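Undergrad: This is a predicted model, with the sequence first.
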Amino acid sequence: MEYLSNSGIFLIHTLFGLYILAIMLRFLFQCVRADFYNPFSQFLVKVTNPPLLPLRRIIPGLLGFDIAAVILAYLLTITEIALVSKLGYGGIPNIIGLSIMAIADLLSLTINIFLFAILIQVILSWVSPQTNNPITSLLYSLTEPIMGRARRIIPPISGLDLSPIVAIIFLQLLKILLVAPIADIGKSLG
């Protein structure tokens with residue numbers, strides 16, 4: 001029976017995780033005003049539109065932010081945690097603990113998106129720095145708000161840009177000092 005529950009947990013994490021990732025990428029691309037007509041942006045729009053369009057009729061945007069996307073990602077995260085808890089532990093945490101764990105999961109996902117985007121951008125700058133790939137422009141749009149601030153702290157030294165190191169350290173500190181305590185509170189209440 002354990003093999004079945006482990007495979008079920010794997011499938012839940014994978015399917016929910018990929019869809020929540022798509023929703024969060026769409027939300028973050030909207031926040032940084034990335035190219036809407038980019039092929040990858042259009043893919044995210046088409047994949048996430050079915051649940052978002054009806055939800056937007058109920059939940060309007062606020063100050064240019066797509067609140068419906070955040071709420072959808074939040075509800076899907078709560079559902080994912082509840083299903084995994086039911087399969088793995090035989091019970092579902094209480095709603096307050098579940099809600100706080102979902103917030104921690106979404107914050108962790110958001111930070112991980114920025115971490116991986118920065119790492120991919122650094123690797124691409126080493127391998128093929130002048131590539132005109134649609135994903136490259138999205139990565140630049142996504143990471144520039146963080147990388148620009150990091151470049152102000154440590155400007156390039158002899159042509160070597162150390163801002164990714166500063167940004168990665170900052171993001172890891174956020175995970176340690178912000179996300180981990182929130183997750184611990186959620187687990188203790190669950």
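TA: Arrived safely.
Undergrad: For the nearest residue to Ala102 once chain neighbours are set aside, grab the count of nearby residues.
TA: Leaving out its chain neighbours, the residue that sits closest to Ala102 by C-beta to C-beta, 6 or more residues apart in numbering is Thr77, at 4.1 Å. Heads up, the C-betas are built off the backbone N, CA and C, glycines and all. For Thr77, the count of nearby residues is 24 (other C-beta atoms under 10 Å).
Undergrad: And the pLDDT for Thr77?
TA: At Thr77, the predicted lDDT confidence score is 97.
Undergrad: Check which helices and strands the host helix or strand of it is in contact with.
TA: Applying DSSP states H and E as the criterion places Thr77 in helix 67-89. When contacts are defined as 3 or more C-beta pairs under 8 Å, 6 or more residues apart in numbering; DSSP states H and E, helix 67-89 packs onto helix 2-31, helix 39-58, helix 95-127.
Undergrad: how close does the nearest residue to Leu124 once chain neighbours are set aside sit to Ala34?
TA: Of all residues not flanking Leu124 in the chain, Thr136 sits nearest, at 6.1 Å (C-beta to C-beta, 6+ apart). Noted for Thr136: a distance of 12 Å to Ala34, by C-beta to C-beta, to the nearest Å.
Undergrad: who has more neighbours, those two?
TA: Taking other C-beta under 10 Å, Thr136 and Ala34 do not tie; Ala34 has more neighbours (20 against 17).
Undergrad: Could you tell me how many residues sit around the nearest residue to the more buried one once chain neighbours are set aside?
TA: Nearest residue to Ala34, sequence neighbours excluded (C-beta to C-beta, 6+ apart): Ser141, at 3.9 Å. By other C-beta under 10 Å, the residues close to Ser141 number 18.
Undergrad: Need the mean per-residue confidence for the helix or strand where Ser141 lies.
TA: For Ser141, the element it lies in under DSSP H and E is helix 134-153. Averaged across helix 134-153, pLDDT comes to 90.
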